[in-house]
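Asker: test case, fold it:
(chains A and B)
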Amino acid sequence: KNEVEQSPQNLTAQEGEFITINCSYSVGISALHWLQQHPGGGIVSLFMLSSGKKKHGRLIATINIQEKHSSLHITASHPRDSAVYICAVGGEEGAQKLVFGQGTRLTINP
Amino acid sequence: DGGITQSPKYLFRKEGQNVTLSCEQNLNHDAMYWYRQDPGQGLRLIYYSQIVNDFQKGDIAEGYSVSREKKESFPLTVTSAQKNPTAFYLCASSIDLSEQYFGPGTRLTVT
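Answerer: Got it, this is the predicted structure:
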């Protein structure tokens, strides 16, 4: 079993829909990251969370430390949100390494 | 503008040849990382360096080598010992583990 599991692996939705991507992890962590990878391959960091909730524009990320679960939500989705969304966790002992989920491929149709 | 550059974007090599991928950053970050991405899999750490002249193996270091002679540069050499080198390679840097900044990636194809 992978240390970081994302669901769903693929998600297709219509423009305007509310999107939820989930991430579960099995190790103790210091922080959880959400990343976005566009078709060209470049990766952008969206959020870093250690507790609670963060919001940036139409994106919202939440984390439940007790349940070892995080969600990324997109409100009023748009075709330009189409990308691969990646969850990654940083280890509790402060190790300089991230463990990555396999990614969720999101496609928003107009 | 501050950022990370990787070159080239696409690289083609014959089997048995060593190839070096470039990664440069002007963010003044101490830590730099190399990841490999294969279809349907998460990023896997090849090597990382927390400071100049020091680096550690990641989860899949076999068949790869790195150097960190300057803070700005962390080149990755894919050697002929790497059994399946065709992949997308991403370089990243960070001040600490709080946020990693990624380069645009190099897609390596070995035939």
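Asker: show me where the chain has strands.
Answerer: Assuming you mean chain A. Assigned by DSSP state E, chain A shows strands spanning A:4-7, A:10-14, A:19-25, A:29-37, A:43-49, A:52-56, A:59-64, A:69-74, A:83-91, A:98-100, A:104-109.
Asker: my bad, chain B
Answerer: B:4-7, B:10-13, B:19-25, B:31-37, B:44-51, B:54-57, B:64-66, B:76-78, B:87-94, B:101-102, B:106-110.
Asker: just checking the one helix or strand in chain A whose mean pLDDT sits lowest against chain B, any contact.
Answerer: Ranked by mean pLDDT, DSSP states H and E, the weakest helix or strand in chain A is strand A:98-100, scoring a mean of 88. Yes. Using CB under 8 Å from any CB of the partner chain, strand A:98-100 comes into contact with chain B via A:98, A:99, A:100. Quick note: C-beta positions are derived from backbone N, CA and C, even for glycine.
Asker: ignoring the adjacent residues along the chain, who's closest to the first one?
Answerer: Leaving aside its chain neighbours, residue A:98 sits nearest to residue A:88 (4.3 Å; criterion: CB to CB, 6 or more residues apart in numbering or on different chains).
Asker: coming back round to it: tell me what the least confident helix or strand of chain A is packed against?
Answerer: strand A:83-91 (3 or more CB pairs under 8 Å, 6 or more residues apart in numbering or on different chains; DSSP states H and E).
Asker: list the strands paired with the strand it packs on, with their directions.
Answerer: Sheet pairing for strand A:83-91, assigned by DSSP bridges, gives strand A:29-37 (antiparallel), strand A:98-100 (antiparallel), strand A:104-109 (antiparallel).
Asker: which residues are in contact with residue B:54?
Answerer: Residues near residue B:54 by CB atoms under 8 Å, 6 or more residues apart in numbering or on different chains: residue B:68.
Asker: just the buried members of the residues of strand A:98-100 next to chain B?
Answerer: Taking 16 or more other CB atoms under 10 Å in any protein chain shown as the criterion, what is buried in the residues of strand A:98-100 next to chain B is A:98, A:99, A:100.
Asker: now the residues you listed in a markdown table, please, with extra columns for distance to residue A:34.
Answerer: Shown next, in a markdown table, are these (distance: CB to CB, whole Å):
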| residue | distance to residue A:34 |
| --- | --- |
| A:98 | 12 |
| A:99 | 14 |
| A:100 | 11 |
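Asker: tell me the one among the residues you listed nearest to chain B.
Answerer: Taking CB to the nearest CB as the measure, chain B lies nearest residue A:100 of these, at 3.6 Å.
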